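Student: sequence and predicted structure below; questions after.
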Amino acid sequence: MELSGITVTFGGITALSEVDLAVVPGTVHGVIGPNGAGKTTLFNVACGFVVPDAGTISRAGDRLERLHPHDLAGLGMARTLQGLGLFDRVTVLENVVVGADRHARTGFLGSLLGLPGAAREERALRERAMEVLDRLGIGAYAARYPGSLPYPVRKRVALARALAAEPDLLLLDEPASGLGAADMDELGDLVRGLAAERAISVMLVEHHMDLVMRVCDEITVLDFGRRIAHGPPDLVRNDPAVLAAYLGEEVD
Amino acid sequence: MTALRTWWAGSLLGRHLLLALVGLVVVVVVLESSSDFRNLQLASMAYLGIAAGGLTVLTGLNGQISLGHGALMAIGAYTAALLLDDRDAGTPLPLVVLAAIAVTLLVGVVVGAAAARLHGPYLAGATLALAVAVPGIALYFKEELGGEQGLRVVLPDIPAWVLDLAFFVTGQDLTRSRYVAYLAWLTLIVTFVLLANLSRGRVGRRWRAVRDDEVAAELAGIRLGRARVSAFVVSAAAAGAAGAMMAVTVRLAAPSGFTITLSLTLLTAVVLGGLGSLTGALLGAALLTFLPQVVTDLGVDAGLSDIQAAELSPLVYGLVMVAVILLAPAGLVGTARTALLRRRLRRTGPASDKPGPASDVPGPDAPPAVPTTPTAATTTSTTSKGTTT
Amino acid sequence: MLTVTDLCAGYGPVRALEGVSFTADRGRVTAVLGANGAGKTTLLRTVSGLHRADRGSVELDGKPLDRVAAERMPALGLAHVPEGRGVITELTVEENLRLGGLGRAGSVDAADLDRVYTLFPVLADRRAAVAHVLSGGERQMLVIARALMARPTMLLLDEPSLGLAPRIVAQIFELLRGLVESESLSVLLVEQNARSALSIAHRGVVLNLGRVVADDAAEVLAADDQLRHAYLGF
Amino acid sequence: GGRDDDGDGGSGGDAAVDTPGVTEDSIKIGAHFPLTGVAAPGYNEIPTGAKAYFDYVNAQGGVNGRQIEYVVRDDGYNPTNTSSVTNELVLEEEIFAMVGGLGTPTHSAVVDFLNDEGVPDFFVSSGSLQWGDDPENAPYTFGWQPDYEIEGKIIGQYVAENMPDAKVGLFLQDDDFGDDAEKGVRQFVDDQIVAAERYTSGNTDVGPQVAGLQAAGADLVLAFNTPSYTALSQLVALKLGYQPQWFYSNVGSDADLVGSLLSRFSEGAVEGGSGSLDGVMTTEYIPGVDQPDDPWVQLWEKVWDEHGEKGELTNYRVYGMSHAYAFVQALMAAGEDLTRDGLVEAMEEVGAGLDGPQLAPFRYSADSHLGISGLRVVEIRDGAGEDLTPVLVTDIGDAEIVEDDSGQDADAPPESGVPEAS
Amino acid sequence: MQQLLNTALGGLTLGMVYAAFALALVLIWRSTRIVNFAQAPMAMVTTFVALVVVDAGHSYWLAFAAALASGLLLGAVVERLIVRRVEGGPEINAVILTLGLFIVLHALAAVVFGNRYRSFPAPFGVRGIEVGGTTIALTGFGVFTILAVLVTMGLLLALFRYTDLGLRMRASAYNPEVARLLGVRVGRMLTLGWALASLVGSLAGLLIAGGSLVHPGYMDSVVVYGFVAAVLGGLDSPIGAVVGGLLLGLALSFVSGYVGSQLVALAALVILMLVLTLRPGGLFAQTAARRV
Ligand SMILES: Nc1ncnc2c1ncn2[C@@H]1O[C@H](COP(=O)(O)OP(=O)(O)OP(=O)(O)O)[C@@H](O)[C@H]1O
Ligand SMILES: Nc1ncnc2c1ncn2[C@@H]1O[C@H](COP(=O)(O)OP(=O)(O)OP(=O)(O)O)[C@@H](O)[C@H]1O
Ligand SMILES: [Mg+2]
Ligand SMILES: [Mg+2]
């Protein structure tokens, strides 16, 4: 995925100006920056929720003109939201099956007539979804509704839904927010695993520096919509501009 | 036994067909054992049920409120009426119904597309306007659509083979009203099987996803517009079939038969029965079909004058609506299911608060008290740190 | 001073709090720590009257709060910064802040507004924007600022650092420390990030599965390796 | 009810017993009216009148020893409900006949059914032509009031003769009522008509229509509408300062009702009392409450006092009583052993000769089931009609209009107030 | 020419009536996030209360006051006793509930006040005003209507824009729990919202009834057009309600006069669809908000 010269303004304020960012396949690319720096907006551009005023988005070399969110899954991309965005009135399993929807082939007619093929596919999808749930260790909750589940579990359901699409580019917006230390470590391992074993490239927005520094191969730092630094963690960590704008004096 | 259970869980179509078969048997038994009058009442229950079934899919599964389904029924009814203008109008009834469905479906596409971007009260307003506008069209085109008087519907004679079949199966002659009732209920069963298939399959899942969270649904590759329009079209088609059946039962398609009241009646049936549940839709239809007459009769028996009794019936009707909403906010089916669920919860603890077993009904949606209003979204106290709101 | 004695609460069959007792001293920062699901949020919601307690009592400076409705808390000087969803997204930033002010005094004085705007310049720039357009962190700042508008004497914070950039977190903690010292504000601070929480807290209460498993001076807790590994994860 | 001991009491007994709704001592009849909803105001009074008269007859011993049981069902002026309540009345209640079912769209929904089932469908409360113009297809259906077409014809001819150079505007309810009437009127004054405005009943804003008439410069408005619309059109006219000669058809000209409606408007903007329709022209085919000296009206007063509900006698109730009276006559004519076909035959034979409140005779015969054959044109003075013409009778199509010589308008009810068998 | 003018003036007064009703809906939407379909019958009941007062021989204005007062009361009672229980529930339930109330009130009125037409007095002339010899279709009462609606709109604007009370009411509607945390008496606010809305509603009722006929169903058509007007303008905006009402009133008046009164409803539909396809949130909706 390659974003170049992205500029976004909302009414008066400039959320992004001429931001360049390229994700190297199979690596984890961190995006950090103060609140309101434009990180989520950058994701929104990459997902087609926000149409940039200027700049180009290209994927695997070829340029994407008008990108719509619903094209995303088709392009092998998946994203988790800064909030949870779970489907509250269907079971956890169903939530994940929706994520896997891009692999379904059944047409309207098949559904309407409940053709055997459709039923078979349904079962296949459910099994696929179940696998993902088990991989994230939340298989036990498959039949529950998200509403009353503990927060970390819900975070994982959201992640599972994204993984069920079997993307090769995964965008995670603050996946660790609100998680305890233990869960955060597991998350870190998971993300690294995705990149290492499954060669999935990951774009990661986080405010938890230790996590970011641990899992990212490369980091882009935004401030007031500008890219003020980018490069490997160690470089960024000690970049004075970053220290001033983002990390503040003492790093925790 | 276990094999059977796995099959039951596995094959959707098989399950629905089995239920349909059972339903069919029940229908035959009931219709054969009840008077002509009851048959006709049951026929009206059936067409209300069909329309309600379509609406419950739209509102319950896709979250679109429509106050205009009466208008869609009108379109189905007028189509049927135009095709059945005299005894020897060649078109066989099944074709008539299909035609009615087709025409309504087209209208559904247009309206659905226009409504696809609307939400909550804005959608309600648009569909409400639709409900009052359509009868006006019938008034305006007097020549073609018969104006205020509407179009008479002439039921073609019952085909000989049907008569024979009926006699063969039941040993009784098939009266016209019973014939109509059979038509209506057959249509209902077919419609419900199809709706059940949809709502349990991929399409239904997409509808639910869009209902619960548009952004997340879109990210999963679902086109919001398509999902919403398809839901609208499906329920429109059902309304069309219902309209055709209504025309056949009432023997008339007239504007005053399709006032806003009809649309609201449908919505009421759906909610009272239990949103998103076909069984609920049927229950609601039954309630609204039989309640008025029952109340009136009770009133008369209680010594009221006919007029007082007549005025009593809407009063009770309204009170029932209020009562159900206050006492059983999830509708009859929904509340029953919740009660069931509560019991299981108490037995097995929270670890498995999975709702009732897969039934003929789409859903089980909305676990107890998961609100859907913006107002309510925040009152679920479940710790949600998503700083999205 | 906030005194909690033998507090029990739950959600239907789920027991979230089982006999929690502790006191949060006046002019002190008391950190409530614990893993996800430990009952921290439930504790705060119960204290501020959003959630009904099944048993136990809560007192603010000797006055029992058990029967006090949530809407009367601000008048008693208690402000609650809820977890997550605390912004009224349909209102503008300034309207949100004004509401905060109304809670305490029934009217808003411009001085308070200026104060929080100087504390959070980001909000000042966006004062006329509908809160809906704010970024996650901006919303979090707004909620905290709004609580300060009521000039509370007892401040309940549920994971204030959520979604905030480290520098902002540091700032906010600085700010709290300042208020505690200058205006002898009392703070009940719920945090996932135990380390940074304990860095400003005077006292720490550790919850696990609805029970208090430790209640001691902050530095004592921070020093207790065993406890840290068991419950605080650092 | 049920069979009496004298079950073998001749064919009479048997015929009666196997006729639905008829027993030795009772006759059950039914009707559908809008008793609730927007159409109810006014119309819901008709059945109370009919009921009062049937009770009166029952009190006098009923018809041939049979008490009349009158079952009214509410259809809210919705054809769908009409069909279901009619099903109930015919199949469940097993009524002997339908009497006075109201409304064109509503009754259209059930006329086929009633005729298929062979249920006498008497005195439909509507002036549409279809109630009686072809006994071939609807042998059991009888109209009662003068159909809108002949009313239109008579009005049209009156205008043509007496106001040849009036600029005529038509104010029409947009359904068969307006259409049939227009057809009749145009037979005579087609060339005089400068505008025809239609309102949709239910839409109470008739400003645009009246403004249209005013703009067209109509100085005589022939209005075919319901009473509430008479009031509304009068109000709008006031608003527009539009003062044509108004000519309301019988349906809308209930001076008493409209008067009371118009009576109470602000600071004398509308002069009170039923006088408010003074100078308006209309027609009448039965005496109404504005004619207290008429023997029929006196009978109705008596009946209402003895058997009516609360509320005073209104023209709606008079209407109900009048067709109830005619139905009792029909029962009388059908004789001891009552059958559905017997009733129809009897009506075809003697119907044309029946006396009664109607000013002109019925047109009933083997080849017409249309009701009252004519009416007279009157002008309202102090709330009462002053004759402008004698009773004029005619028939649909190009039948010519002649003075009625049957003396129908002169007759008085019998002492008992119950018709004797003819 | 004169017809044109008169049709326009007719539309103006009609539109103002729709606007009045729409204002009531906007008020209740803003303060409780519920669309109250029972608004019309509630107004109808209060109008009959006024009629009772008039029949008792009192002045129009006393009746007027009585109606408004009873409106206020009715609204509060209904919210407190019935609607309170569905607040925070699925919005469709609220819809059905208010529909139920609609039917109940209707039926009750028919029983209590009788299901027949009655005339309702107006405080000012119902004769058109004379302008240079010709009478135009604007009565003293029409003028009163227009003024009343504009004033109401102004008051509502002020309430929501400039007062703390308005702010509290909106907060309670949008997010009851947070509002409570901030010390807002949410319950009171909701009750107040209903009371005020119902008061505005009965004002609408009186304006429609004045110098015309009333019966239990006389407000029914206004339900539809008032609602359409409110949606047209954007349910959150008092100005929108009035603009929507006017737009609708004028359009319908002209369609009815020059095309055919049967198509009035269709015209309403077309207008609404045109507006909503361009602005799904109504004419005066705030600009599309952030989605993620
Ligand atoms: N639709 C919009 N309209 C107006 N302003 C917007 C809109 N969307 C975002 N903004 C503004 O653009 C800026 C960037 O927002 P964004 O959500 O990208 O920040 P962020 O980097 O994700 O911050 P955080 O770390 O707090 O999530 C913020 O100031 C926000 O208020
Ligand atoms: N609305 C609810 N319905 C059912 N159970 C709930 C609800 N809210 C919380 N719980 C349960 O109550 C227990 C305590 O939850 P609580 O949110 O108080 O813990 P917490 O310490 O705040 O967790 P976190 O650190 O994730 O915020 C958990 O088991 C949680 O699953
Ligand atoms: Mg963000
Ligand atoms: Mg918490």
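Tutor: It's in. Ligands and ions are numbered 1, 2, ... in the order given.

Student: count of neighbours near the closest residue to residue E:10 other than its chain neighbours?
Tutor: Of all residues not flanking residue E:10 in the chain, residue D:207 sits nearest, at 3.7 Å (Cβ to Cβ, 6 or more residues apart in numbering or on different chains). C-betas here are computed from N, CA, C, even on glycine. For residue D:207, the count of nearby residues is 25 (other Cβ atoms under 10 Å in any protein chain shown).

Student: check the one 4 residues further on too.
Tutor: Residue D:211 is surrounded by 29 other residues when neighbours are defined as other Cβ under 10 Å.

Student: again, but for the one 5 residues further on
Tutor: The local packing count at residue D:216 equals 16, with neighbours defined by other Cβ under 10 Å.

Student: is it true that it touches residue D:195?
Tutor: Yes: here residue D:216 reaches residue D:195: they are 3.5 Å apart, a contact under Cβ atoms under 8 Å.

Student: which residues are common contacts for the two?
Tutor: By Cβ atoms under 8 Å, 6 or more residues apart in numbering or on different chains, residue D:216 and residue D:195 have these common neighbours: residue D:169.

Student: low-scoring stretches of the chain, by residue?
Tutor: In the absence of a named chain, this looks at chain A. Along chain A, segments meeting pLDDT under 70 span A:249-252.

Student: wrong one, I was asking about chain B
Tutor: For chain B, residues meeting the criterion pLDDT under 70 lie at B:1-11, B:87-89, B:345-389.

Student: so for it, the centremost residue is which one?
Tutor: Nearest residue to the geometric centre of chain B (Cα atoms, centre = their mean): residue B:52, 1.5 Å.

Student: what's the closest non-adjacent residue to residue 233?
Tutor: As the question left the chain open, I've gone with chain A. Distances taken as Cβ to Cβ, 6+ apart put residue A:213 closest to residue A:233, at 4.7 Å, once the chain neighbours are dropped.

Student: can you look at chain C instead?
Tutor: Closest residue to residue C:233 apart from its sequence neighbours, by Cβ to Cβ, 6+ apart: residue A:181 at 2.8 Å.

Student: one step back: need phi/psi at the residue nearest to residue E:10.
Tutor: phi -50, psi -50 (degrees, to the nearest 10).

Student: distance of it from ligand 4?
Tutor: From residue D:207 over to ligand 4 the distance is 63 Å, taken as Cβ to the ion, to the nearest Å.

Student: do residue D:279 as well
Tutor: For residue D:279 relative to ligand 4 (Cβ to the ion), the value is 82 Å.

Student: OK, contacts around the residue of chain C found nearest ligand 1?
Tutor: Using Cβ to the nearest ligand atom, the single residue of chain C nearest to ligand 1 is residue C:137, 2.7 Å away. By Cβ under 8 Å, 6+ apart, the contact set of residue C:137 is A:34, A:35, A:36, A:207, B:387, C:163, C:164, C:165, C:168.

Student: tell me which element it is part of?
Tutor: Assessed by DSSP states H and E, residue C:137 sits inside helix C:136-149.

Student: what's the answer for residue A:219, then?
Tutor: Assigned by DSSP H and E, residue A:219 falls within strand A:218-223.

Student: that strand near ligand 1 anywhere?
Tutor: No: Strand A:218-223 does not reach ligand 1 (Cβ under 6 Å from any ligand atom); its nearest approach is 6.5 Å.

Student: who does that strand touch, helix- and strand-wise?
Tutor: strand A:13-22, strand A:28-32, strand A:226-231, helix A:233-237, helix A:240-242 (3 or more Cβ pairs under 8 Å, 6 or more residues apart in numbering or on different chains; DSSP states H and E).

Student: please repeat the previous calculation with a cut-off of 7 Å.
Tutor: In terms of contacts (3 or more Cβ pairs under 7 Å, 6 or more residues apart in numbering or on different chains; DSSP states H and E), strand A:218-223 is packed against strand A:28-32, strand A:226-231, helix A:233-237.
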